[in-house]
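>>> Predicted structure and sequence below. I'll ask about it afterward.
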Amino acid sequence: MEHAVQEITFHHEPGGKEVVSKIIRTTVILSVITIIELGMGLGMYALPMAEGLKLFLKGVIVILSLAKAFYIVGVFMHLGEEVKNLIMTIVVPLLLFVWFIAAFLYEGNSWKNLRNTYNPKQAVSAPAAPHAAGEQH
């Protein structure tokens, strides 16, 4: 005996001016952030600047990239319209993953620095015994 199953489909109709304005606003915001990132990146290589300023600019570029990623996920993947619990289910593990990467990089750098300063011959060697005045070598 066959059961008739009705197919369920959702038709996504354009929402009119509201949807078009949201798409245009999103495109403009992402374009402006991208232009700022590119300008900062090109400025780092074209202009002479201190290493501290370069490091600061790199951090700002990373933060802007993460902001773009969250904005893209919120708008295009419709995560911004979801329930708070679903958003936290996705965002909290992502933040933990970023924290793990930062922790592993920090730990790896400390191991590299320890390895480069450790001298096994210096750590194991004992002080030389004083020689008697009359001994010949």
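Perfect, I can see it now. All figures in this text were calculated on a predicted structure; none of them were measured in a lab.

>>> quick one: Ile72 and Leu42, what's the gap?
23 Å (CB to CB, to the nearest Å). The C-beta positions use only the backbone N, C-alpha and C, and glycine is treated the same way.

>>> Which residue of those two possesses the greater neighbour count?
Legend: neighbour count by other CB atoms under 10 Å for Ile72 and Leu42, higher for Ile72 (13 against 10).

>>> which element is that one on?
Assessed by DSSP states H and E, Ile72 sits inside helix 51-75.

>>> list the helices and strands that helix packs on?
When contacts are defined as 3 or more CB pairs under 8 Å, 6 or more residues apart in numbering; DSSP states H and E, helix 51-75 packs onto helix 17-46.

>>> List the buried residues for the helix it packs on?
Buried residues in helix 17-46, counting neighbours by 16 or more other CB atoms under 10 Å, are found at 30, 37.

>>> Which residues are in contact with Lys68?
Residues in contact with Lys68 (CB atoms under 8 Å, 6 or more residues apart in numbering) are 30, 33-34.

>>> Flag every buried residue along the helix holding Ile72.
57, 61, 73, 75.

>>> and of the residues you listed, the nearest to Val91?
Val91 lies nearest to Val73 out of the buried residues of helix 51-75, by CB to CB, at 9.0 Å.

>>> Distance check, the closest one against Gly80.
Taking CB to CB, one finds Val73 at 8 Å from Gly80.

>>> How about Met49?
Distance of Met49 to Gly80, given as CB to CB: 37 Å.

>>> Let me know the pLDDT of the most centrally placed residue in the chain.
Residue closest to the mean C-alpha point of the chain, counted by CA atoms, centre = their mean, is Val98 at 6.0 Å. Listed pLDDT for Val98 reads 87.
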